[in-house]
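In: have a look at this prediction, sequence included:
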Amino acid sequence: MAELSELSDNELVAEITRNKSRALEELYDRYSPVIYTLAKKIAPDEKSAENIVVDVFSLIWKKAKELNLSNLCVYTWIITLTRNKAIDMLKRSRSAEATLDYYDDLYEDNFIIPVLSEEAEHLDIKQVSKDKEKIENALNGLTDIQKYVIHLAFYEGYNINEIVERLGIPKETVRAKINTALNRLCDNFYEGS
C-alpha cells in the first residue's frame, strides 16, 4: 500500500471506513489547520473552535462508512461539515431556546452532516491552497455590504428572515444582496484566473 500521505482524500476516507486510525490521523494532519481557521471565524472563542475540530474528526470517523465515495468531494464535505457544526454551536449559544434542542443521531443526520450535490466541483486541499490568493482577491472585490450579508449568512448562520430583522430591510432586498454578492464573488474569482 502507498504511503498514507500519498493517498487522495477519497482514498483516505476509504481507509477510514476500514477502521484505519492512521488514515484519520493523516486526514487530520491535512485538514485540521483549515478546519480550525474556519471554526475560529464562526466560534465565539478558541476553546469552542478547538472543540469543533475534535467534533468534526469524530463525525468523520463515525460517518465515513455511510458516505458514497464514488462522487464525494471530501474537501467540500469536510468544510461544510465544519461550518454546519460551528453554526449549530453558535446558534445554541445565541438563544436560550436553541440550547434546549435535542441533539441525537437523527438531528445530526438532518442538520449537521452535509448532503452535497453530485455535480459539486471536486476540490482538494492542494487546489484550494493554490487558489487562496484568488479567493482573497475575489472577497476583497466585494463591497462592504456584500461582505456583511455573506458574513451574516455563511459565518453567523443567520437565515434570510433573521438578516431581514437584523438589517431592517425587505426580504427581497436581502435575497438580492446575497445573490449579487455570490455572483460578484464568482465573477471576481474567475476574472483572477
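Out: In hand now; what should we look at? Computed from a prediction, not measured in an experiment: that's the story for all the values here.
In: what are the buried residues along the strand or helix carrying Glu133?
Out: In this assignment (DSSP states H and E), Glu133 forms part of helix 132-140. By 16 or more other C-beta atoms under 10 Å, the buried positions in helix 132-140 come out as Ala138. Where you see a C-beta, it was placed from the backbone N, CA and C, and this is true even at glycine.
In: what does stretch 102-110 give?
Out: So, applying 16+ other C-beta under 10 Å, buried residues of stretch 102-110: Glu108.
In: likewise stretch 35-50?
Out: Across stretch 35-50, burial judged by 16+ other C-beta under 10 Å covers 35-36, 38-40, 42-43, 48-49.
In: show me what the helix holding Glu133 is packed up against.
Out: Where contact means 3 or more C-beta pairs under 8 Å, 6 or more residues apart in numbering; DSSP states H and E, helix 132-140 is packed against helix 171-191.
In: now with 10 Å?
Out: The contact analysis (3 or more C-beta pairs under 10 Å, 6 or more residues apart in numbering; DSSP states H and E) places helix 132-140 against helix 144-150, helix 171-191.
In: which of the ones you listed sits closest to Val74?
Out: Closest to Val74 of the helices and strands packed on helix 132-140, according to C-beta to C-beta: helix 171-191, at 21.1 Å.
In: what residues of the closest one count as buried?
Out: For helix 171-191, by 16+ other C-beta under 10 Å, it's 174, 177-178, 181-182, 184-185, 188-189.
In: just name the shakiest helix or strand of this protein by mean pLDDT.
Out: Every helix and strand of the chain was ranked by mean pLDDT, DSSP states H and E. The lowest is helix 125-130, at a mean of 78.
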